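K.L.:
using only what follows, build the 3D model:
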Amino acid sequence: MTERIDHVAEAHRILYETPWTADRTDEFWTSVAVTAQVHATLALVEQQRVANLIAWGAGSNPPGTTPEEDASVYEIRQALGLGATS
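P.N.:
The predicted model follows:
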């Protein structure tokens, strides 16, 4: 699986850590804002995916199923960046 990207942190980094210089054009700042918006949108998509997994029935496996055996719990933990259960 590929490394998880923290889209909220990336949007914040793009918006607040891009150095200001006098030679920056309006087009440059537009591209900065659009790139940050893309990351913010992806963060919302990730949150919606987790909500959908939960609504779909996370933990609804038969009694006695361990969290490791519950694929939906695994997917939710991965989406939240929590890794494997202990």
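K.L.:
show the model's pLDDT score for Glu27.
P.N.:
Among the per-residue scores, Glu27 shows a pLDDT of 94.
K.L.:
what is the burial count for it?
P.N.:
8 (other Cβ atoms under 10 Å). All C-beta spots, glycine's among them, are computed from the backbone N, C-alpha and C.
K.L.:
now do the one 4 residues further on
P.N.:
If you count neighbours by other Cβ under 10 Å, Ser31 ends up with 12.
K.L.:
in the protein, where is pLDDT below threshold?
P.N.:
1-2, 57-72, 83-86 (pLDDT under 70).
K.L.:
tell me where it has helices.
P.N.:
Under the criterion DSSP state H, the chain contains helices at 7-17, 26-57, 71-79.
K.L.:
tell me which of the ones you listed is the most buried.
P.N.:
Most buried of the helices of the chain, by mean neighbour count (mean count of other Cβ atoms under 10 Å): helix 71-79, with a mean of 16.
K.L.:
by contact count, what packs against that one?
P.N.:
Secondary-structure packing of helix 71-79 (3 or more Cβ pairs under 8 Å, 6 or more residues apart in numbering; DSSP states H and E): helix 26-57.
K.L.:
what angle separates the helix it packs on from helix 71-79?
P.N.:
160 degrees (axes from the mean of the first three to the mean of the last three Cα atoms, to 10 degrees).
K.L.:
same for helix 26-57, what does it pack against?
P.N.:
For helix 26-57, the elements it packs on are helix 7-17, helix 71-79, judged by 3+ Cβ pairs under 8 Å, 6+ apart.
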